[in-house]
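Participant: Got a predicted model here, sequence first, then my questions.
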Amino acid sequence: MATRKIAVIVGSLRKESFNRKVAKTLALLAPPTLELEIVEIGQLALYNQDDDPSPPATYLEFREKIKQFDGVLFCTPEYNRSVPAALKNAIDVGSRPYGQSAWNGKPCGVVSVSPGATGGFGANHHLRQMLVFLNMPAMQQPEAYLGHIGDQFDGDNLTNDRTRSFLQNYIDAFATWVERHAD
Ligand SMILES: Cc1cc2nc3c(=O)[nH]c(=O)nc-3n(C[C@H](O)[C@H](O)[C@H](O)COP(=O)(O)O)c2cc1C
């Protein structure tokens, strides 16, 4: 079976981000058929449609990079019951020019992560609304709302065995999902 390349988009710019730690854990747990790579979004200036005729180089690089992947895995915090602006911005940048979206057709997964009890449910589903328009087949099950994440890491090392086992199951299911939707 071919190895599928997955772009991991982390919705937090914070150095010690729990979402980044979860993303790195998923990369370690991924089966050999999946290769996960975090694609950075913090360098992308706020999208302004006026710049469409001559977009910043960072936009062009980001769009070309995303196009090289077979699928996308989003790991997002919840900010005020929605996705952080940095993630929305990256999605907008990748979606343009109209009709040439870098996201189009790529199978994807959504993982939301929070120290709070609700596991970023609001962000997870606001993101899913965007994915419908972007024509990205999003894995439905298992859903991933990781709550109470604040005390589950020692550095980058996930210390909670139940969460590890959940993430293993998640990434295995995602590998199957990507395979089903790959070209
Ligand atoms: C502007 C802002 C809004 C937030 N709103 C929420 C929220 O709606 N729900 C929630 O569970 N946590 C909320 N939080 C707390 C984040 O879940 C927490 O900061 C988390 O660690 C961010 O993810 P990260 O560790 O990957 O950076 C908010 C944090 C910030 C800075």
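Facilitator: The structure has been received and is ready for your questions.
Participant: What strand or helix carries the most centrally placed residue in the chain?
Facilitator: Closest to where the C-alpha atoms of the chain average out (CA atoms, centre = their mean) is residue 74, at 1.3 Å. Assigned by DSSP states H and E, residue 74 falls within strand 71-76.
Participant: on contacts alone, who are the packing partners of that strand?
Facilitator: strand 4-10, helix 18-29, strand 108-113, helix 121-133, helix 161-181 (3 or more CB pairs under 8 Å, 6 or more residues apart in numbering; DSSP states H and E). Any C-beta I mention is one placed from the backbone N, CA and C, and that applies to glycine too.
Participant: between the last one and strand 108-113, how many degrees?
Facilitator: The one in question is helix 161-181. If you take axes from the mean of the first three to the mean of the last three CA atoms, to 10 degrees, helix 161-181 sits at 160 degrees to strand 108-113.
Participant: cool, the fourth one as well?
Facilitator: With the same axes, to 10 degrees as the basis, helix 121-133 and strand 108-113 are set at 170 degrees to each other.
Participant: Just after helix 121-133, pick out the following helix or strand.
Facilitator: Helix 121-133 is succeeded, C-terminally, by strand 144-146 (DSSP H and E).
Participant: and that following strand, average pLDDT?
Facilitator: Throughout strand 144-146, pLDDT has a mean value of 98.
Participant: what separates it from the chain centre, distance-wise?
Facilitator: Averaging C-alpha positions (CA atoms, centre = their mean, to the nearest Å) puts strand 144-146 13 Å from its chain's average.
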